[in-house]
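Engineer: I would like to see how this sequence folds:
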Amino acid sequence: MSGHSKFANIKHKKEKNDAAKGKIFTIIGRELAVAVKEGGPDPANNSKLRDVIAKAKANNMPNDTIDRGIKRAAGDSNAVNYTYITYEGYGPGGTAIIVDALTDNKNRTASNVRNAFTKGGGNVGTTGCVSYMFDKKGQIIIDKEELSMDSDELMMMALDAGAEDFSEEEDSYEIITAPDDFSAVREALEAEKIPMASAEVTMIPQNYVSLTSEEDIKKINRILDMLDEDDDVQAVYHNWDE
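Structural biologist: Okay, the predicted model is just below:
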């Protein structure tokens, strides 16, 4: 998505009701647990945990909630084991959809994801069937209203830290990095107290598909809404030009 539409979506999600906020906190809580299990509870020695903490703060998760999540994951050897799994498929009108899930029950998650696609007139495909249409990139979105720095200065700071691309949208800046350079760029901006509306490794479509049929638009919204309501689903990427 372009920085503008991505930023609009970020603002929309942050302004949504408490249930939506609870879903975001559930997603981040699971990511904290996995990051702690894989690399330990000390952010100084765990870059993945630092990235998840930054994501938590960008989504206004309270510091004490973050700390409790880390301590719980570090102190509970019997904590639930979550597994990352990715589904790929097609929505109406040839749209491509990728679903990232973090689950303790693959059968449940597979059934729920398949049901969402089916209810929206789509279908789950094989691994790799649509991911080639996306580029995996680090993406940092900065709200112009939150930043007093000159855009050229921000661009040079990002590029010097290892960013691949910098673009200016109507109400935001978008910084793109290679996945391996994401943490270094994010931490360089964080060190300069740059406020980030969003900072994550994501899947960016190479091309977008427009839907003109009201029925197709209704169907893809059905798929996306059902996936959004599933606690196992961490992220959904698609190439529908909304």
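Engineer: please count neighbours and contacts with C-alpha atoms only from this point.
Structural biologist: Noted.
Engineer: next, the buried residues of stretch 197-215.
Structural biologist: 197, 198, 199, 200, 201, 202, 203, 204, 205, 208, 211 (16 or more other C-alpha atoms under 10 Å).
Engineer: ignore what I typed, I meant stretch 65-85.
Structural biologist: Under 16+ other C-alpha under 10 Å, the buried positions of stretch 65-85 are 66, 69, 70, 72, 73, 74, 82, 85.
Engineer: could the residues you listed go into CSV alongside secondary structure and distance to residue 140?
Structural biologist: As requested, the buried residues of stretch 65-85 are exported to CSV (DSSP: H, G, I helix; E, B strand; the rest coil; distance: C-alpha to C-alpha, whole Å):
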residue, secondary structure, distance to residue 140
66, helix, 21
69, helix, 24
70, helix, 24
72, helix, 29
73, helix, 27
74, helix, 29
82, coil, 26
85, strand, 24
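Engineer: ok, those vs residue 7, which is closest?
Structural biologist: Nearest to residue 7 among the buried residues of stretch 65-85: residue 66, at 23.9 Å, using C-alpha to C-alpha.
Engineer: residue 56 is in contact with that closest one, correct?
Structural biologist: Yes: if you go by C-alpha atoms under 8 Å, residue 66 and residue 56 touch, sitting 7.4 Å apart.
Engineer: please enumerate the strands of the chain.
Structural biologist: Assigned by DSSP state E, the chain shows strands spanning 83-90, 96-103, 123-124, 134-143, 165-168, 172-177, 198-205, 233-238.
Engineer: how is this protein carved up into domains?
Structural biologist: As assigned by automatic domain parsing, the chain contains the domains 3-75, 83-132+206-238, 134-205.
Engineer: need these in TSV with mean pLDDT, can you?
Structural biologist: Shown next, in TSV, are the domains of the chain (pLDDT from 0 to 100):
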stretch	mean pLDDT
domain 3-75	83
domain 83-132+206-238	96
domain 134-205	94
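Engineer: buried residues in the helix ranked longest in the chain?
Structural biologist: In the chain, with assignment by DSSP state H, the single longest helix is helix 18-39. Of the residues in helix 18-39, 21, 23-25, 27-37 count as buried by neighbour count, 16+ other C-alpha under 10 Å.
Engineer: and the angle for that helix with strand 83-90?
Structural biologist: On the basis of axes from the mean of the first three to the mean of the last three C-alpha atoms, to 10 degrees, helix 18-39 is oriented at 130 degrees to strand 83-90.
Engineer: between helix 18-39 and strand 233-238, how big is the angle?
Structural biologist: Angle between the axes of helix 18-39 and strand 233-238 is 110 degrees (criterion: the same axes, to 10 degrees).
Engineer: I am finished for the moment; much appreciated.
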